[in-house]
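my questions concern the predicted model and sequence given below.
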Amino acid sequence: MSNTFYITTPIYYVNAEPHLGHAYTTIVADVLDRFYKLTGAETFFLTGTDEHGDKIVAAAEKAGQSPEEYVDRISQLFRSLWPKLNIGNDYFVRTTDPQHKETVKYILQRVKENGDIYFSEYEGLYCFGCERFYTERELVEGKCPDHQTEPQPIKEANYFFRMSKYQDWLVDYIHQHPDFIRPKRYRNEVLSFLNEPLEDLCISRPKSRLHWGITLPFDENFVTYVWFDALINYVSALGYPDGGLFKRFWPVAQHIIAKDILKPHGIYWPCMLKSAGIEPYQHLNVHGYWNVDEGKMSKSLGNVVRPLELADVYGLDAFRYFLLRDMVFGLDSEFNEQALVARINADLANDLGNLVSRSLTMIQKYFKGVLPDPGVPEGTDEAVKDQALALIDQYESLMKELGFHKALMAVWELIGGLNKYIDTMAPWVLAKSDRERLATVMHHIFEGLRTISVLIWPFMPESAEKIQQQLGLARKGSEIQLNDLRRWGEERPVRPIIKAPALFPRIESKKPEGFPGGKGLAKEGRGTGETGKKGAEKKMDRISLEDFQKLDLRVAVIKEAEPIPGSKKLIKLTVDAGDERTVVAGLKGHYSEQDLMGKQVLLLANLEPVKLMGVESRGMVLAAEDDTGIHLIVPDRETVPGSSVK
């Protein structure tokens, strides 16, 4: 297979303006597209808008516009948003495009000639929000699981696709290609659905009820049903059947979708492709929801987060970083503006920004911006080099597995390692005593920064290119590829290295109105510290310094995290606090187990052991709680586990 990569987002339905969910999906696709560029692949990135169906007509009528006017306006909102979020798609498809319409008709005719389309009368429960029929077993307490409304019974004659004909083939294909649908939980969900007989798919609407759609090539009285129209965009945009783009990119096609459209993409689409004689896509990659106020974002609920507003306030790269760092791909995540600010201050301002600033300042100060030739490296220097080179392979593997948050965590380990290396080597001391040794140290810092700048480029392209510019590199962005990083020390600056303004200035967050202080989270057990709002409202008993010094407060790093069966709040943590111990913490629902792995925390180590849900807890992880949720108290930079809190 040639070194090519094809990534698609869903084509977004234009019944509403773009929100955080749309932005996340499209940024994920952009990150993957940029990552594969770093590997040297030729890439093609597709997004667009879905513009037919009942809801479009209803939305247009409500707006006082024709369907054509309405879809032109809303589609343009999506098209114009993506460049503002630094999303570099290669093509923007619309289902009203003439080429797309012709491709839909071509595929419909092929499927019909294959004997897989027939005319019949059908009666079923129809959700107008989803624009599809539901079976009783798919409903939750009699309601559509997405829209929380009761589907309406509809009886009408329509055309149907013999989807049931391909059920056994699809089950076999998924078993033979275990990474066809990723993550595994969604593969299992599709297989679970396929345990039941698969019904045929209604693919049309009579023009007596709906005119706004693509006319069936074999019956002028009907238009195509939304999914048999929309899904075909993934091949119509490539010029199927004879286009060169189709032949080059379809064999490596990967779709990015949210879990609410798993069934159409995981079942309808492969069956449609099989009937039309087209090979299936390579991967279906499924992510969870961004929840706001403990529920999925919904315009009707009034909890929609507008991405451009956040990017304007906090910075585009910081916004992109937060989305990819705080969501475990495949799981739901809670959007929290305070968490965004905390990430900016801790990860970007304190860690990355501080590293870049202090490093460039020293090169400029001690060598007038000209990178010196290194001397003979010592063991500490080789350790930095080994960590950076090992990171490249780890990063590449994690990115291909969609482990975006883990890839970023791994990069931040190198950032922490370089900050620690600077503190240990103390270049400000070497500048007075050993200029040759200083040159070797600054050379390794430069190479570490170059590596970091490339690895963060898919996530934060503007910041990465600023760092590369400040490092005086001749190339930037995808011009520097992963293989270049493996040739340690070969790329030299072509311009003087300059000191520059802070990449990520700290953000001073405002406390919520009436908020007097942090509130602990140990509701179910003694796993986390508690300093509460109630406590702040009453007079606190004073303690002596001698009493305070009895507390053994340490820095600890979480090595393992796992849920405790039967508990709604507790997580079992294995921590390294200079010794290894088990601590139970009430963090479930606030942090995923994956997010806790590798995190440094503060630990009260000499608390009397206690059993919680049958697990002995030897210590208390310190955290605070305010109206926005639970927040672990962490060191502002990486610290040796077991270090005392003074």
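Received, thanks.

can you pull the phi and psi angles for residue 551?
Reported as degrees, to the nearest 10, the phi and psi values for residue 551 are phi -80, psi 130.

need the pLDDT of the spatially closest residue to it that is not a sequence neighbour.
Nearest residue to residue 551, sequence neighbours excluded (CB to CB, 6 or more residues apart in numbering): residue 604, at 6.3 Å. Every residue, glycine included, has its C-beta placed from N, CA and C. With respect to pLDDT, residue 604 has a value of 93.

which residues does residue 604 contact?
Applying CB atoms under 8 Å, 6 or more residues apart in numbering to residue 604 gives the contacts 529, 551, 552, 553, 619, 620, 622.

quick one: contacts for the third one?
Spelled out, that is residue 552. Taking CB under 8 Å, 6+ apart as the test, what residue 552 contacts is 604, 605, 606, 644.

of those residues, which is the most crowded?
With neighbours taken as other CB atoms under 10 Å, the top of these is residue 605, carrying 22 neighbours.

now the stretch 501-646 of the chain, which segments are flagged as low pLDDT?
Within the stretch 501-646 of the chain, the set of residues satisfying pLDDT under 70 comprises 509-541, 545-546, 627-628.

could I get the full set of helices for it?
533-537, 545-548, 593-596 (DSSP state H, counting those that start in this stretch).

residues near residue 178, how many?
Counted with other CB under 10 Å, the burial measure for residue 178 works out to 10 neighbours.

again with residue 377
Residue 377 has 16 nearby residues by other CB under 10 Å.

for residue 291, phi and psi?
Main-chain torsions, residue 291, degrees, to the nearest 10: phi -100, psi 140.

ok, of the contacts of residue 604, which one's closest to residue 48?
The nearest member of the contacts of residue 604 to residue 48, counting by CB to CB, is residue 622 at 47.8 Å.

mind checking how far that closest one is from residue 576?
In this view, residue 622 and residue 576 are 16 Å apart by CB to CB, to the nearest Å.

the more surrounded of the two?
Neighbour count, other CB under 10 Å: between residue 622 and residue 576, residue 622 has more, with 21 against 16.

where along the stretch 351-500 of the chain do the helices fall?
Along the stretch 351-500 of the chain, the segments classed as helices by DSSP H, counting those that start in this stretch run 354-367, 379-400, 404-425, 427-433, 435-455, 461-470, 482-485.

which secondary element of the chain has the worst mean pLDDT?
Within the chain, judged by mean pLDDT, DSSP states H and E, the helix or strand with the poorest mean is helix 533-537; its value is a mean of 37.

where in this protein is pLDDT low?
1-2, 293-305, 509-541, 545-546, 627-628.

can you tell me the centre-most residue of it?
Central residue of the chain (CA atoms, centre = their mean): residue 324, 3.8 Å from the mean position.

that residue: which element?
Assessed by DSSP states H and E, residue 324 sits inside helix 316-326.

now that helix and helix 404-425, what's the angle there?
Angle of helix 316-326 versus helix 404-425, following axes from the mean of the first three to the mean of the last three CA atoms, to 10 degrees, is 110 degrees.

which residues sit against helix 316-326?
23-24, 27-28, 31, 84-86, 307, 310-311, 333, 339-340, 343-344, 347-348, 404-405, 408-409, 459-463, 504, 595.

among those, name the buried ones.
Buried subset of those (neighbour count, 16 or more other CB atoms under 10 Å): 23-24, 27-28, 31, 85-86, 307, 310-311, 333, 339-340, 343-344, 347-348, 404-405, 408-409, 459-461, 463, 504, 595.

okay, the contacts of residue 604 in TSV with distance to residue 12 next?
Formatted as TSV, the contacts of residue 604 follow (distance: CB to CB, whole Å):
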residue	distance to residue 12
529	44
551	53
552	54
553	49
619	48
620	46
622	42
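
tell me which of those residues fall in strands.
553, 620 (DSSP state E).

put the buried members of the contacts of residue 604 into a ChimeraX selection.
Buried residues within the contacts of residue 604, by 16+ other CB under 10 Å, are selected in ChimeraX with:
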select :529,553,619,620,622
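
looking at the contacts of residue 604, which is nearest residue 19?
Nearest member of these to residue 19, counting by CB to CB, is residue 622, at 35.2 Å.

now the closest one: how far from residue 504?
With CB to CB as the criterion, residue 622 and residue 504 are 26 Å apart.

likewise for residue 82?
Distance from residue 82 to residue 504, by CB to CB: 23 Å.

equivalent analysis for residue 378, please.
Distance from residue 378 to residue 504, by CB to CB: 32 Å.

can you check residue 590 too?
24 Å.

now swap in residue 365 and tell me
Residue 365 is 22 Å from residue 504, by CB to CB.

ok, back up a step: quick check, nearest of the contacts of residue 552 to residue 474?
Each of these was checked against residue 474 using CB to CB; the closest is residue 644, at 46.8 Å.
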